[in-house]
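Just to be clear, the model below is a prediction. Sequence and coordinates:
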Amino acid sequence: KQRITKSKEVTCSAPVNIAVIKYWGKRNTALLLPTNSSLSLTLNQDDLRSTTTIRASPDFVSDRIWLNGKEENINAKRLSNVLSKAKELRKEMEEKDADLEKLSEWGIYIASYNNFPTAAGLASSASGFACLTFALSQIYDLSINLSQVSMLARLGSGSACRSLFGGFVKWEMGTKDDGSDSLAIQVASETDWPGMEALILVVSDARKDTGSTEGMQLTVETSELLKHRIEKVVPQRMLDMEKAIAEKDFDSFAEITMADSNQFHAVCLDSYPPIFYLNDISKAVIKVITALNARSIHTDPSGKKKGYKVAYTFDAGPNAVLYMQREHLSEVLGVIDYLFPRKSTQKVGEYYGKAKEVL
Ligand code: 2P0
């Protein structure tokens, strides 16, 4: 028998996104439909990213996947949902066009790498599923737009839908039960607000105790505060944040970002059993940033606070992400480097003592 040797291969990469209005809670756990809309900034491709290669070949008798070099279960539920949906879309195309190669019947091998610690609260599932889904859309030549690809990515991990776009991206929660309007949209590109920088402070690269998926459902089931957040807080915050981005108003951007990070961690604490993601170093970072901003904040005649230099936000882990405009990067970096030396043996309490001394 003649051996068939044809194959097709694509390699894609996708960056991490870090939310400034947090997604925390699902109204539908099968379709990953959220209880509130969210908004994030996608980092640069050069920074934290996933890179995924997919090869399809009629020689592959089954699908397989390797993450960071280790083979994982291809039948894991969310992964197989994304794969089967992508294959289904390809199959529909093949049924309409007999000239198309029957790629939907070929096996695929997937190899994906993160250039940063996986599952340490650094949005590895976001870049991973965004990358995988985009690579699938490329290998199958799917004729769908990026927002439609984002819906596919959402089936893998909610926050992944936001990593399909660069710049400032919102995930519209949608209202439909089938999830057909729960997708990502770019609010502004990275060039619309140039000079926005993200500084990631890796406080710990250990795997987190409570995964996001189980953590957020615990919050949905037990937190009264979450109901208030969903109904009364996030809808207005989304509007205010979009306005702040459109006007390049860093003061409002910083206030909303820090308030939303604080409220996300408050609903975690309001869950039962309570969930703690911030550790003492995270809290020291919050105090330092608050003190640093306090030196330059003033209230203008209309009562608005102006002069913020930097905003912190924390995801489901102790690591801090600081957003600032480029003109303040060296000052912030200097303060952080001085107060949180990388190989320090200092205890956390000493950090804040030192912070008070210098600020
Ligand atoms: C976010 N996080 O908006 C929020 C803030 C963590 C804190 O999205 O169950 O990994 O896969 O949809 O997307 C983390 O949640 O959870 C997350 P699943 P995901 O970025």
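Cool, got the structure.

can you give me the helices in the protein?
Along the chain, the segments classed as helices by DSSP state H run 77-96, 124-139, 146-154, 212-222, 224-228, 234-246, 250-269, 280-294, 329-339, 348-358.

Which among those is found nearest to the ligand?
helix 212-222 (3.4 Å; CB to the nearest ligand atom). To be clear about C-beta, it is placed using only N, CA and C from the backbone, and glycine gets the same treatment.

CA atoms only for the closest one - export them in CSV, please.
Output in CSV follows, covering the C-alpha atoms of helix 212-222 (Å, rounded to 0.1, in the frame of the first residue of the first chain):
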residue,chain,number,x,y,z
SER,A,212,-10.7,29.9,38.9
THR,A,213,-13.4,27.6,37.7
GLU,A,214,-14.3,26.1,41.0
GLY,A,215,-13.6,29.3,42.9
MET,A,216,-16.0,31.4,40.9
GLN,A,217,-18.8,28.8,41.2
LEU,A,218,-18.3,28.8,45.0
THR,A,219,-18.7,32.6,44.9
VAL,A,220,-21.9,32.3,42.7
GLU,A,221,-23.4,29.8,45.1
THR,A,222,-22.5,31.5,48.4
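
That helix and the ligand, any residue contact?
Yes: counting by CB under 6 Å from any ligand atom, the ligand has neighbours in helix 212-222: 212-213.

Could you tell me the average pLDDT over that helix, please?
What helix 212-222 shows for mean pLDDT is 97.

neighbouring contacts of it?
Here helix 212-222 makes contact (CB atoms under 8 Å, 6 or more residues apart in numbering) with 24-26, 29, 35, 125, 210, 226, 267-268, 270-273, 275, 316.

for these, which one is nearest residue 300?
Nearest to residue 300 out of those is residue 267 (CB to CB; 31.8 Å).

and the stretch 201-350 of the chain, which residues reach the ligand?
The stretch 201-350 of the chain comes close to the ligand at residues 212-213, 315-316, as judged by CB under 6 Å from any ligand atom.

now with 8 Å?
Contact residues, the stretch 201-350 of the chain versus the ligand (CB under 8 Å from any ligand atom): 211-213, 216, 264, 315-316.

Which residues in stretch 73-84 does the neighbour count mark as buried?
Neighbour counts over stretch 73-84 (16 or more other CB atoms under 10 Å) mark 74, 78-79, 81-83 as buried.

restrict those residues to contacts with the ligand.
Of the residues in the buried residues of stretch 73-84, proximity to the ligand by CB under 8 Å from any ligand atom holds for residue 78.

Out of the buried residues of stretch 73-84, which comes closest to residue 185?
Top of the list for closeness to residue 185, among the buried residues of stretch 73-84 and by CB to CB, is residue 82 at 20.2 Å.

tally of neighbours for the closest residue to residue 331 other than its chain neighbours?
Leaving aside its chain neighbours, residue 331 sits nearest to residue 309 (7.1 Å; criterion: CB to CB, 6 or more residues apart in numbering). Look at residue 309: counted by other CB atoms under 10 Å, it has 21 neighbours.

now residue 309: how far from the ligand?
According to CB to the nearest ligand atom, to the nearest Å, residue 309 and the ligand sit 23 Å apart.

for residue 16, same thing?
Counting by CB to the nearest ligand atom, the gap from residue 16 to the ligand is 10 Å.

I figured that residue hits residue 166, correct?
No: when contacts are counted by CB atoms under 8 Å, residue 16 is not listed as touching residue 166 (11.8 Å).

so, in contact with the ligand or not, stretch 147-156?
Yes: shown here: stretch 147-156 in contact with the ligand (CB under 8 Å from any ligand atom) through 154, 156.

Stretch 54-68 too?
No: using CB under 8 Å from any ligand atom, stretch 54-68 stays clear of the ligand, coming no nearer than 14.9 Å.

Quote the end-to-end distance of that stretch.
For stretch 54-68, the first-to-last residue distance is 14 Å (CA to CA, to the nearest Å).
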